[in-house]
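Undergrad: Only the shape, not the letters, is given here:
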Ligand code: BG6
Ligand code: MG
């Protein structure tokens, strides 16, 4: 109205609020939860906006390196900031720093692809042959754990003592059954979401590695058409301690020439989360692992990594 120096045209106020708060402030309401994923334009030092969430008055202040949420209400407020769960007590404030990661280290089975189910099927066949009870819940304990240690967990329900040489026979049998299932894998077993997320992370200049306890990692990556994709592959062939020991991730970080604190690990296993934390790395959980208190981030979709690593 020939008057922009006098302020904002009232018909545009709603749109301006949306672009500031939901755009640069990154506010979303997902499954009834308040989330903030702010990103300031380079030329801005600060963005501040008031908000009423479930009756509580909040003030959000976004700065270049982090966000402060002040709660002027009378009840605590829980929300997700940069993918991390935060809680602001009444008449208090919290500051959440935006972390920047140089590298992402992915577990393979159950993260990049669904070979975790093939592990289950192959173990189920061995367990059935031995008359040992085995189900998907017990299988969860085998995630991230080496083949031999996995069998020891299954044998907890065996009423006899198995000789070491017999164990070797069943370990070979399990691996043969598992490899048969792997033979049927093709690049179409890599979901479009996983593929696009990996490509986008690569485009952003993030170093990408595999940190897997599996001795079959090379074969799986080949089947998926990813054998030349990752900057480093640290797998079960080169480690002496399986997860929850951090060795596999520490090896990956050193292959990438990255410090532990600059790496983010993505895991579907409690053992893997423990390995990441004891190696000094942050971790994002997928699948059942989101229930773990060790998870710094809980992903309900793989592509959410793009909100954390940018
Ligand atoms: C991990 C799986 O990735 O690799 C475990 O989560 C598995 O379940 C381990 O036991 C070892 O795999 P592999 O292929 O060497 O038998
Ligand atoms: Mg796994």
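TA: Great, that's in hand. Note that the structure is a prediction, hence the values are computed from the model and not measured. Ligands and ions are numbered 1, 2, ... in the order given.
Undergrad: From now on I want contacts and neighbour counts done on CA atoms only, so please keep to that.
TA: OK.
Undergrad: Could I get the full set of helices for the stretch 51-200 of the chain?
TA: 115-130, 136-140, 147-154, 164-183, 192-203 (DSSP state H, counting those that start in this stretch).
Undergrad: Same question for the shortest one: list its buried residues.
TA: Which is helix 136-140. If you call a residue buried by 16 or more other C-alpha atoms under 10 Å, then helix 136-140 has these buried ones: 139-140.
Undergrad: ranges for the strands of the stretch 201-310 of the chain?
TA: For the stretch 201-310 of the chain, strands defined by DSSP state E, counting those that start in this stretch occupy the ranges 207-211, 232-234, 263-267, 282-285, 297-298.
Undergrad: Single out the most deeply packed of these.
TA: Between the strands of the stretch 201-310 of the chain, the one whose residues have the most neighbours on average, counting mean count of other C-alpha atoms under 10 Å, is strand 263-267 (a mean of 29).
Undergrad: Packing partners of that strand?
TA: The contact analysis (3 or more C-alpha pairs under 8 Å, 6 or more residues apart in numbering; DSSP states H and E) places strand 263-267 against strand 103-106, helix 270-278, strand 282-285.
Undergrad: what about 7 Å?
TA: Using 3 or more C-alpha pairs under 7 Å, 6 or more residues apart in numbering; DSSP states H and E as the contact criterion, the secondary-structure elements in contact with strand 263-267 are strand 103-106, strand 282-285.
Undergrad: what about the strands of the stretch 201-310 of the chain, which gets the closest to ligand 1?
TA: Nearest to ligand 1 among these is strand 207-211; the distance by C-alpha to the nearest ligand atom comes to 8.7 Å.
Undergrad: what sits against the closest residue to residue 278 other than its chain neighbours?
TA: The shortest distance from residue 278 to any non-neighbouring residue, by C-alpha to C-alpha, 6 or more residues apart in numbering, is to residue 246 (6.2 Å). For residue 246, the residues meeting the contact criterion (C-alpha atoms under 7 Å, 6 or more residues apart in numbering) are 275-276, 278-279.
Undergrad: any idea how far residue 246 lies from residue 222?
TA: Separation of residue 246 from residue 222 (C-alpha to C-alpha, to the nearest Å) stands at 25 Å.
Undergrad: what's the answer for residue 126, then?
TA: Taken as C-alpha to C-alpha, the spacing of residue 126 relative to residue 222 amounts to 26 Å.
Undergrad: more crowded one of the two?
TA: The residue with more neighbours, out of residue 126 and residue 222 and counting by other C-alpha atoms under 10 Å, is residue 126; that gives 19 against 15.
Undergrad: Separate out the buried members of the contacts of residue 246.
TA: A residue is treated as buried here by neighbour count (16+ other C-alpha under 10 Å); on that basis the buried members of these are 275-276, 279.
Undergrad: circling back: quick one: the helices of the stretch 51-200 of the chain as TSV, columns for mean pLDDT and distance to residue 109 too.
TA: Compiled in TSV, the helices of the stretch 51-200 of the chain are given as follows (pLDDT from 0 to 100; distance: least, C-alpha to C-alpha, whole Å):
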stretch	mean pLDDT	distance to residue 109
helix 115-130	97	5
helix 136-140	94	12
helix 147-154	97	13
helix 164-183	97	12
helix 192-203	98	13
